[in-house]
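Peer 1: sequence below, structure please.
(chains A and B)
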Amino acid sequence: AQSVAQPEDQVNVAEGNPLTVKCTYSVSGNPYLFWYVQYPNRGLQFLLKYITGDNLVKGSYGFEAEFNKSQTSFHLKKPSALVSDSALYFCAVRGPYGNNRLAFGKGNQVVVIP
Amino acid sequence: GAGVSQTPSNKVTEKGKYVELRCDPISGHTALYWYRQSLGQGPEFLIYFQGTGAADDSGLPNDRFFAVRPEGSVSTLKIQRTERGDSAVYLCASSLTSLGGGTTDTQYFGPGTRLTVL
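Peer 2: Below you'll find the predicted structure:
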């Protein structure tokens, strides 16, 4: 079964500092990996995905993520955090064999301190 | 363009009642998904439609839950004899599948329906 672990409940970072949100995954075969962001009382918004190719994926709002197969990780990064980046971030994985279901982590609350 | 829409945004019901939750996917998207998000948790998969048929309903927790998509567009999630444990946010997503039936397309989510069972 596919699964994702997001080990930290909350990530606090000062505005302007680099932001990292950690994610490790478990799946049979090559993974398809996703990051979504959720603002209060709103649905999930897609940020970026890794399917194949370059291990560094660039997405919306200046976010990027690095796929590391040996460490089974897909950490989300942003070089300089903004207060408006404060939200709930979810990592998700699905397998490559026609199974469309996404398995989500429990989410990380990011708090950017002005 | 218009995104995924869900109605109602909030639904309060009493234990034992029947509820229907509606999802309008992005126009042209052939795949539709239902997830359930409990407080403090990530979304959990319920069911996935390709066209009109349920391609994977293995996430439905029991036979009180049922979903339909009769014309391959709008979907309705139906919950019979609601229980307090059914209280959650129900999320719908849609994706555009490739001509070859590939399944790598991004799922785009609606705002969700918050169901509260008293």
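Peer 1: for chain B, what are the nearby residues on chain A?
Peer 2: By Cβ under 8 Å from any Cβ of the partner chain, the residues of chain A that approach chain B are A:4, A:32, A:34, A:36, A:41-46, A:49, A:51, A:90, A:92, A:94, A:98-107. Just so you know, the C-beta spots here come from the backbone N, C-alpha and C atoms, and that holds for glycine as well.
Peer 1: quick check, pLDDT for residue 2.
Peer 2: I'll assume chain A. On pLDDT, residue A:2 comes in at 87.
Peer 1: let's do chain B instead
Peer 2: 83.
Peer 1: surely it touches residue B:27?
Peer 2: Yes: using Cβ atoms under 8 Å, residue B:2 is in contact with residue B:27, at 6.9 Å.
Peer 1: can you get me a residue count around the closest residue in space to residue A:101 that isn't next to it in sequence?
Peer 2: Counting by Cβ to Cβ, 6 or more residues apart in numbering or on different chains, the nearest residue to residue A:101 once its immediate chain neighbours are dropped is residue B:45, at 4.1 Å. When counting by other Cβ atoms under 10 Å in any protein chain shown, one arrives at 23 neighbours for residue B:45.
Peer 1: residue B:45 falls within a strand, correct?
Peer 2: Yes: judged by DSSP: H, G, I helix; E, B strand; the rest coil, residue B:45 forms part of a strand.
Peer 1: can you get me a residue count around the residue in chain A that chain B sits nearest to?
Peer 2: Ranked by Cβ to the nearest Cβ, the top residue of chain A for proximity to chain B is residue A:104, at 3.3 Å. If you count neighbours by other Cβ under 10 Å, residue A:104 ends up with 22.
Peer 1: so who does it touch?
Peer 2: Residues in contact with residue A:104, defined by Cβ atoms under 8 Å, 6 or more residues apart in numbering or on different chains, are A:4, A:36, A:90-92, B:35, B:42-44.
Peer 1: which of these fall in strands?
Peer 2: Among those, the members found in strands (DSSP state E) are A:4, A:36, A:90-92, B:35, B:44.
Peer 1: okay if I get those residues as TSV plus neighbour count and distance to residue B:17?
Peer 2: Below are the ones in strands among the contacts of residue A:104 laid out as TSV (neighbours: other Cβ atoms under 10 Å in any protein chain shown; distance: Cβ to Cβ, whole Å):
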residue	neighbour count	distance to residue B:17
A:4	24	34
A:36	27	31
A:90	26	31
A:91	28	35
A:92	25	32
B:35	25	22
B:44	18	23
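Peer 1: make a markdown table out of those residues and add distance to residue A:73.
Peer 2: Putting those into a markdown table (distance: Cβ to Cβ, whole Å) gives the following:
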| residue | distance to residue A:73 |
| --- | --- |
| A:4 | 10 |
| A:36 | 17 |
| A:90 | 15 |
| A:91 | 10 |
| A:92 | 14 |
| B:35 | 24 |
| B:44 | 22 |
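Peer 1: and the residue nearest to the spatial centre of chain B, how far from residue B:83?
Peer 2: The centre of chain B sits closest to residue B:34, judged by Cα atoms, centre = their mean, with a distance of 2.8 Å. Counting by Cβ to Cβ, to the nearest Å, the gap from residue B:34 to residue B:83 is 18 Å.
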